[in-house]
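S.K.: next come a sequence and a model predicted from it.
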Amino acid sequence: MLAGPHPRSGDDARERTAVVVEDDPDVRDLLDAVLTQAGFATRTAASGREGVELVRTFDPLVTTLDVGLPDIDGFEVCRRIRAVSDTYVVMLTARTDEIDALMGLDAGADDYQTKPFRPRELRARIEAMLRRPRREVPSAAVGAAAPAADGLVVNVAARTVAVDGAEVHLTRSEFDLLVALTSAPGHAIPKDALVRVLWADEYDTGTPVTDQDRRSVEVHVTNLRRKLGDDAGSPRWIRTVRGVGYRFDQPS
């Protein structure tokens, strides 16, 4: 069942709008309460198809998405959402298998949480995601259309990427990681530092980084390479530094 008021027009309406896609009524009510307390106007759906329609209609800033839905699974829902919206997607799963999290990120999710989740932690992670487009990027990376290397052009101001003249569509996470790597060519960036890029907390060393967080970075980099046409075995740009992280190679 679709729920929520009619959409409002303008960017201000989107600023704090959230969609909850969850078939469990208790969890749905909890998510509704958490997001409402965080200042969001929420709309809820109990099935995947209804959730996609809500996203299409209201263009929310944030969407929480359950993996186990009664009609189509959350991974397919996420792919359909990505075809119509750049909303932040947080996937929720009751299963602890790592493959679920990796499949969610591969489908286009920005983050994921396992159930039962702690409302305070979920809210904190959502707020961290919302800071990302507004965070400052290194001045060396900013340009109207700054060529990174060998046919790759990264326009930080417009948040666009092109390879050999063809535009490449990246998720927020993939774009932020690419900017971080291209901002320090020739330097190996540890996975922990890239995790904090995704958190928009590069200078906060108090929150511990988990193996799951590092694995998320690996999945995002894998997807980034695939979209750029960059072969991990013979990299054109992004090279794996074993035991450390990744390095952006810029031909001299």
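M.R.: It's in.

S.K.: measure the nearest residue to residue 73 once chain neighbours are set aside to residue 230 for me?
M.R.: Spatial nearest neighbour of residue 73, chain neighbours left out: residue 67 (6.3 Å); criterion: Cβ to Cβ, 6 or more residues apart in numbering. In short, each C-beta sits where N, CA and C put it, glycine included. From residue 67 across to residue 230, the span is 29 Å (Cβ to Cβ, to the nearest Å).

S.K.: isn't residue 239 up against residue 245?
M.R.: No: Residue 239 is not in contact with residue 245 according to Cβ atoms under 8 Å; the separation is 10.1 Å.

S.K.: for the two, indicate the residue with more neighbours.
M.R.: residue 245 (21 against 15; other Cβ atoms under 10 Å).

S.K.: report the beta-bridge partners for the more buried one.
M.R.: residue 190, residue 241 (DSSP bridges).

S.K.: how near is residue 73 to residue 110?
M.R.: 18 Å.

S.K.: of these two, who's got more company?
M.R.: A count of neighbours by other Cβ under 10 Å puts residue 110 above the other of residue 73 and residue 110, at 26 against 16.

S.K.: got the contact list for the more buried one?
M.R.: Contacts for residue 110 (Cβ atoms under 8 Å, 6 or more residues apart in numbering) come out as 88, 89, 90, 129, 171, 172, 173.

S.K.: ok, of these, which one's closest to residue 250?
M.R.: The closest of these to residue 250 turns out to be residue 173 (Cβ to Cβ; 22.2 Å).

S.K.: what number of residues are in the vicinity of that closest one?
M.R.: 26.

S.K.: cool, residue 83 as well?
M.R.: Residue 83: 10 neighbours (other Cβ under 10 Å).

S.K.: against residue 130, how distant is it?
M.R.: 22 Å.

S.K.: same thing with residue 165?
M.R.: 33 Å.

S.K.: same check on residue 151?
M.R.: From residue 151 to residue 130 the distance is 33 Å (Cβ to Cβ).

S.K.: same deal with residue 119?
M.R.: From residue 119 across to residue 130, the span is 17 Å (Cβ to Cβ).

S.K.: before we move on, the earlier item: more neighbours, residue 165 and residue 130?
M.R.: Neighbour totals were compared for residue 165 and residue 130, and residue 130 leads with 16 against 7 (other Cβ under 10 Å).

S.K.: neighbour-wise, which of residue 67 and residue 230 wins?
M.R.: The residue with more neighbours, out of residue 67 and residue 230, is residue 67; 23 against 17, by other Cβ under 10 Å.

S.K.: could you measure the more buried one against residue 167, distance?
M.R.: 31 Å.

S.K.: report pLDDT for residue 122.
M.R.: With respect to pLDDT, residue 122 scores 88.

S.K.: okay, buried residues for the host helix or strand of it please.
M.R.: If you go by DSSP states H and E, residue 122 is part of helix 119-131. Using 16 or more other Cβ atoms under 10 Å as the test for burial, helix 119-131 gives 122, 125, 126, 128, 129, 130.

S.K.: put together JSON lines for these, with distance to residue 21 on each row.
M.R.: Output for the buried residues of helix 119-131, formatted as JSON lines (distance: Cβ to Cβ, whole Å):
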{"residue": "122", "distance to residue 21": "15"}
{"residue": "125", "distance to residue 21": "17"}
{"residue": "126", "distance to residue 21": "15"}
{"residue": "128", "distance to residue 21": "21"}
{"residue": "129", "distance to residue 21": "17"}
{"residue": "130", "distance to residue 21": "19"}
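
S.K.: which one among those gets closest to residue 78?
M.R.: For the buried residues of helix 119-131, the nearest to residue 78 is residue 129 (15.0 Å; Cβ to Cβ).
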